[in-house]
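Engineer: sequence first, then the predicted structure:
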Amino acid sequence: MRNPPNETRSKPLDQAPYRKCILTGESLPQEQLMRLAMGPDGQIAPDVRAKAPGRGAWIGVDRAALEMAQAKGQLKGALARAFKTGQFDVPENIAEMLESALERSTLDRLGLEARGGTLLTGSEKIETAARQGDLTMLLHAADAGRDGCAKLDQAWRVGSDREGENIRGLILPVDRQGLSVALGRQNVVHIGITDKRAAGRISHSLNRWLHFIGSDKVDDDAEKKVA
């Protein structure tokens, strides 16, 4: 049977392949780590989708830890052990490159979900879905107005029978212009997701991006959001 459109198969984290972070030595599910690939020319580059050919090494640290490891020479040493060679080049801005790649991966995922019809934009549509209990995930642009966010957050709590709890949408580290470009729509300030599988796919990309930049994580069940 063919997969439905815009749906990817993935194993639960407890069944996913484990990889070892070359900097901490900790073994984690592959989906929680990020791959660095070595090209034919010996250049090290981010491979956040883990699809680049050739040899790769996995890291699970945030940007601050990566930059510190690079400054102390620990990153190069760890890569040399992983690749069993010292014939490679690590760009000075590898942390910046990785952050940009993670951001692009997340925005691309949002764009795919928008084209697949699994997310809502527009405050009125999102509020209606929230009050009907149909909302699974709520996201706000970095420059979204406080009042607009609070209104949708409250509608979500009411619709999900969680009034009094600290449940609210996640403020993304990207503004409305960036979201609008990613989704191919005008003035995207808020995003609501009603499909649980879509929320899970978005959560996976968001978790890695937000962890790397040192921000909050999306809950694993994709049904709750922490501030």
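Structural biologist: Yes, it's here. All of these numbers come straight from a predicted model, not from anything done at the bench.
Engineer: could you list the buried residues of the helix or strand where Gly200 lies?
Structural biologist: Assessed by DSSP states H and E, Gly200 sits inside helix 196-213. Of the residues in helix 196-213, those with enough neighbours to count as buried (16 or more other CB atoms under 10 Å) are 197-213. In short, each C-beta sits where N, CA and C put it, glycine included.
Engineer: this protein: strands as residue ranges?
Structural biologist: Under the criterion DSSP state E, the chain contains strands at 18-20, 27-29, 34-38, 44-47, 56-59, 119-121, 137-140, 170-171, 190-193.
Engineer: just to revisit the earlier point, so what does the helix holding Gly200 touch, helix or strand wise?
Structural biologist: Counting contacts by 3 or more CB pairs under 8 Å, 6 or more residues apart in numbering; DSSP states H and E, helix 196-213 is packed against helix 94-115, strand 137-140.
Engineer: so, low pLDDT: which residues of the chain?
Structural biologist: Counting by pLDDT under 70, the chain shows low-confidence ranges at 1-16, 216-227.
Engineer: try 80 this time
Structural biologist: For the chain, the stretches with pLDDT under 80 are 1-16, 164, 215-227.
Engineer: rewinding a little: so which of the strands of the chain gets nearest Gln74?
Structural biologist: Across the strands of the chain, Gln74 has its closest neighbour in strand 56-59 (11.1 Å, CB to CB).
Engineer: with just CA atoms, put that closest one into CSV.
Structural biologist: The C-alpha coordinates for strand 56-59 follow below in CSV (Å, rounded to 0.1, in the frame of the first residue of the first chain):
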residue,chain,number,x,y,z
GLY,A,56,29.2,11.0,8.6
ALA,A,57,29.5,11.7,12.3
TRP,A,58,26.7,12.5,14.8
ILE,A,59,26.4,15.3,17.4
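Engineer: ok, residues contacting it?
Structural biologist: Under the criterion CB atoms under 8 Å, 6 or more residues apart in numbering, residues 19-23, 30, 33-38, 47, 50, 66, 78-79, 82-83 lie in contact with strand 56-59.
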